[in-house]
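Trainee: quick check, what structure comes out for this input:
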Amino acid sequence: MDSHDRPAAHGDLTGGIHLTPAEWHIVFDAASDGIAILEPDLRIIRANHTLAGWCATSPEALGGRFCYDVIDRLDDAPSHCPAHKALETGTPAHANCDGRVLVRTCTCTAYPAPAPDAERSRRVILVVQEVAAQCQVERALRQCEARQRRFLDSAYEGVWEIDRQGLTVYANARLASILGSDDPAALVGRQLYEFRPRTSSGSSLFATRSKEETGEALECVLRRLDGSDVFVMLSVVPDRDDAGHFVGATLFVTDMTRYREMEAALFQAEARYHALFENATEAILVHDLSGRFLSANQLATWRLGYSLQDLLNMTVVDVEAAECAPGFPERILELQRYGRHLIETVHVTRDGRQIPTELSSQLVEYDGQPAVLLIARDLTERKQMQQALLRTERLAAMGQMAAALVHEINNPLQTMLSCIEATMNFPLDDEKRSRYLEVMYGETRRLNAITRRMLDFSRPILLDRQPVSIADVLDYTVTLTTRQLQQARVGMQLDMPKSLPMVWASRDELIQVFLNLIMNAVDVTPRGGQLRIAATARDARVEVTCTDTGPGFSEEILDHIFDAFFTTKENGTGLGLSVSRTIVEQHGGTLTAANASNGGAILTVSLPAHSAGHGL
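Mentor: Purely as a prediction, here's the structure:
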């Protein structure tokens, strides 16, 4: 039990109030505090109903019991007992009794009182007051303050409390860290203006009081303890008394250093992006999902012949050839499905020139919205090189064909020569002369057909793409190679369904591909062998297989068969299959090689089937 003196307002409990004994009894028993009159030995002479009620007994039952037994539940009076001290000093004494009268928190005040007659020793009036509610409020308040301090000390923001003179009365750990201190207590008592607060523009922090009054955030620069500056965001919440007078403020401080560094990094990244964007070696364009252009670099505007402002008022369809533009919606769907897309198209410049273009597309975010980033590569030079390679390969093929056609041309010439000699050297009747003329006419037509095939094959390749029948291409190519097949004694089996989907392609380029495949197969197939060409439609694609009965491919050859200038022929160029695969891939297809299960080689060409409105 903790005790200390508390001076009384009066020398005795009555304070000079004169009541009759009956009135005193009424006041005594009606009091809300517990009251007991004690003998000098601290025995209870009389207790009121309140104290007895707290002890769950009657006033009479408390008579004769020691006060320290009732109040403190002790066997002996403690030395700091207020009743004992009041008897010794003759002045009131006070002590706290925490939970010892049942479960109550009480205060005990002992008042010395005169004895009823001079012969008896002085008595003590003990007043016990319950203060549980007050203690609970105080305890709750202390807990609330402790929670608030814990919250403030662990807050991510710096918290700075100042009084009306600008002196620091509280700083949390985060504020101390921002200002360059390990100890928040080191800031207490320091003036706010020691830290030279000023706005980012250099003006005094409180030059404009409107933000101070409203608590609106301010961009501010503070001077740290080591003399360096720190950029912060500051919110000021003023504290006022009941009369509205300024008595202090709470400042919430956010360190903006990292944000400033991020802003600087973002600015540098944007500058690098802009430099790369504008100085890229390829044309770069950005458009939304509807096709409207959002941005373009200088090369794109230069190549297409439009200003940037012109392009921003145009769409993808406006700069594509008419046969390519209808495929735009399908390209967007494929982009949304896979995120990337690679196609060949044709761009049309402002003056009407057509530029073969490879478009690499990727979904990106532009100004917070989904968009498409296009990298447009001009294929003009590549196409010219491919044309040169194709011409080289076709000339080589023409040499092989010419050697094979010598006999085919010689036969009709010999027939015609014989008919002419017979007509010139022998007398013929009209019927024989007419028959010889018919033979010469027929052989002349056959020669014409042979030379026409040669001329068709040797003319420049047309790269215009359009719907093409694979069946027609295969029929034509087989016709071109009939003589070679006959001379090599290689049989040909052509299997095609009655109806095959069209493909979007250059007819001449496909003829070149299949001619290469057939000629290669003839070269490796032994006499009496068989060459089978089969076409099928599968999964919106047209697939053509060319299977021979030759030796097949070794593993080493299979790894390099499509490499440019790789050849196993003594006089080969090594360009045929390489060029063929390039052509097929530019048509959105694939060309693969493998060994057939029953021997020989199998080469497979797979091309996307043409659908109405799809021009890519």
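Trainee: quick check: closest non-adjacent residue to the residue most central in space within the chain.
Mentor: The chain has residue 365 as the residue nearest its centroid, 9.8 Å off, counting by CA atoms, centre = their mean. If the residues on either side of it in the chain are set aside, residue 365 comes closest to residue 371, at 6.8 Å by CB to CB, 6 or more residues apart in numbering. All C-beta atoms are positioned from the backbone trio N, CA, C, and that covers glycine.
Trainee: can you tell me the helix or strand for the one you found?
Mentor: strand 369-378 (DSSP states H and E).
Trainee: using CSV, write down the CA coordinates of that strand.
Mentor: This file holds the C-alpha atoms of strand 369-378, laid out as CSV (Å, rounded to 0.1, in the frame of the first residue of the first chain):
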residue,chain,number,x,y,z
GLN,A,369,-4.2,2.4,-73.4
PRO,A,370,-3.5,-0.8,-75.4
ALA,A,371,-1.8,-0.1,-78.7
VAL,A,372,0.3,-1.8,-81.4
LEU,A,373,4.0,-1.0,-82.0
LEU,A,374,4.9,-1.6,-85.7
ILE,A,375,8.5,-2.0,-86.9
ALA,A,376,8.3,-1.6,-90.7
ARG,A,377,11.2,-3.0,-92.7
ASP,A,378,11.6,-2.0,-96.3
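Trainee: bridge partners for the residue nearest to residue 365, pull those for me.
Mentor: residue 288, residue 364 (DSSP bridges).
Trainee: for the remainder of this discussion, apply numbering that starts at 37.
Mentor: Sure, I'll start counting at 37 from here, so that last one is residue 407.
Trainee: now the helices for the stretch 337-486 of the chain?
Mentor: 344-348, 364-374, 416-461, 466-494 (DSSP state H, counting those that start in this stretch).
Trainee: and the third one, average pLDDT?
Mentor: Right, the one you point to is helix 416-461. Mean pLDDT, computed over helix 416-461, is 69.
Trainee: over to stretch 394-403?
Mentor: For stretch 394-403, the per-residue pLDDT averages 89.
Trainee: tell me which residues in that stretch are buried?
Mentor: 394-395, 397, 399 (16 or more other CB atoms under 10 Å).
Trainee: now stretch 464-475
Mentor: Going by neighbour count (16+ other CB under 10 Å), the buried part of stretch 464-475 is residue 472.
Trainee: distance from that stretch to the middle of the chain?
Mentor: 88 Å (CA atoms, centre = their mean, to the nearest Å).
Trainee: does residue 64 touch residue 86 like I think?
Mentor: No - Residue 64 is beyond contact range of residue 86, at 9.7 Å (criterion: CB atoms under 8 Å).
Trainee: which residues do the two both contact?
Mentor: By CB atoms under 8 Å, 6 or more residues apart in numbering, residue 64 and residue 86 have these common neighbours: residue 71.
Trainee: can you state the direction angle for the strand holding residue 407 and helix 364-374?
Mentor: Here the directions of strand 405-414 and helix 364-374 differ by 110 degrees (axes from the mean of the first three to the mean of the last three CA atoms, to 10 degrees).
Trainee: contacts for strand 405-414, please.
Mentor: Under CB under 8 Å, 6+ apart, the answer for strand 405-414 is 318-325, 330, 336, 339, 352, 368, 371, 383, 391-401.
Trainee: repeat for stretch 310-318
Mentor: 320, 331, 333-335, 411-413.
Trainee: would you mind checking the average pLDDT for that stretch?
Mentor: In this model, stretch 310-318 has an average pLDDT of 78.
Trainee: stretch 635-645: which residues count as buried?
Mentor: Quick answer for stretch 635-645 (16+ other CB under 10 Å): 636-645.
Trainee: output those residues in a markdown table; the columns should cover distance to residue 510.
Mentor: A markdown table is the format used below for these (distance: CB to CB, whole Å):
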| residue | distance to residue 510 |
| --- | --- |
| 636 | 19 |
| 637 | 18 |
| 638 | 16 |
| 639 | 14 |
| 640 | 14 |
| 641 | 10 |
| 642 | 15 |
| 643 | 12 |
| 644 | 18 |
| 645 | 16 |
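Trainee: closest to residue 121 out of those residues?
Mentor: Ranked by distance to residue 121 (CB to CB), the buried residues of stretch 635-645 are led by residue 644 at 107.4 Å.
Trainee: can you tell me the helix or strand for the closest one?
Mentor: Going by DSSP H and E, residue 644 is part of strand 637-644.
Trainee: just checking, what packs against that strand?
Mentor: strand 539-541, helix 543-560, strand 577-584, strand 626-631 (3 or more CB pairs under 8 Å, 6 or more residues apart in numbering; DSSP states H and E).
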